[in-house]
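**Student:** Predicted model, plus sequence, below.
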Amino acid sequence: MAVQEPITGFAVAVVREDGRWRCSSLDPGALGELDAAITELGKLRSTGAAFGLLAVDDEFFVIVRPSPRGPSLLLSDAAAALDYDIAADVLDVLRVDPPDEDDDAVWPEGDLEILSDLGLPGAELQVIVAEVDLYPDEQLQMVAQRCGFAAEFTKILDEI
C-alpha cells in the first residue's frame, strides 16, 4: 500500500449575516472529502449566506454552498477528479463523468452562478476560473474581492 501524501491548501467558511462578512477556517479534513466539507459547513449556524472555499494542493479549488435541497458545487478543474478524491466526489454529486486521462484541457464543472446572488455573476466567475496561470488561492482571492469580503478572507489566510 502506497503512502498517501498529505493534502495541502486551505478550507475556509464564509458567512454573510446582517450585511457583514465573517470568515473562519474549516477542519483540514475538509480538503480530502466532500462529505467532510459539507458536514463542517453544516455546523455553521447562520441565517445568511454560508459557503466554503477550498484550495487544494495549488491545483484547483472547490466552492461548496450547502442548501436544504443539497449542496451547490463548483469545481475549478474537472481533470482534478483523476487525482483527488474530493474532486471525484464533486463530479459524483454532479453526476458528471471524469474526463479522459489524455485530456489536458482545464474546465470547470458545477454551478458557475453559485455566488451570483452575492455579487459574482457566472460570466465573471468563468473568467476567474479560466485564469489558469493563477494559483487557486489567487483565484479565490479574486472571488473574495468581487463579492466584498477580501479583507476578512486575507485575514483568515494569514492566520492559517
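**Tutor:** Ah, there it is.

**Student:** All the strands of the protein, in order from the start?
**Tutor:** 9-17, 20-25, 49-56, 60-65, 72-75, 109-110 (DSSP state E).

**Student:** Paired strands for the longest one, with orientation please.
**Tutor:** Read it as strand 9-17. Partners of strand 9-17 in the sheet, by DSSP bridges, are strand 20-25 (antiparallel), strand 49-56 (antiparallel).

**Student:** Next up, the contacts around Gly148.
**Tutor:** 21, 118-119 (CB atoms under 8 Å, 6 or more residues apart in numbering). The C-beta positions use only the backbone N, C-alpha and C, and glycine is treated the same way.

**Student:** Output the longest helix along the chain in PDB with nothing but the alpha carbons.
**Tutor:** Ranked by residue count under DSSP state H, the longest helix found in the chain is helix 136-147. Taking C-alpha atoms only, helix 136-147 is exported to PDB below (Å, rounded to 0.1, in the frame of the first residue of the first chain):
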ATOM      1  CA  PRO A 136      -6.200  28.600  -6.600                       C
ATOM      2  CA  ASP A 137      -5.600  30.900  -3.600                       C
ATOM      3  CA  GLU A 138      -5.200  33.800  -6.000                       C
ATOM      4  CA  GLN A 139      -8.300  32.900  -7.900                       C
ATOM      5  CA  LEU A 140     -10.300  32.600  -4.600                       C
ATOM      6  CA  GLN A 141      -8.800  36.000  -3.500                       C
ATOM      7  CA  MET A 142     -10.400  37.400  -6.700                       C
ATOM      8  CA  VAL A 143     -13.700  35.800  -5.800                       C
ATOM      9  CA  ALA A 144     -13.500  37.300  -2.300                       C
ATOM     10  CA  GLN A 145     -12.600  40.700  -3.700                       C
ATOM     11  CA  ARG A 146     -15.500  40.600  -6.200                       C
ATOM     12  CA  CYS A 147     -18.000  39.500  -3.500                       C
END
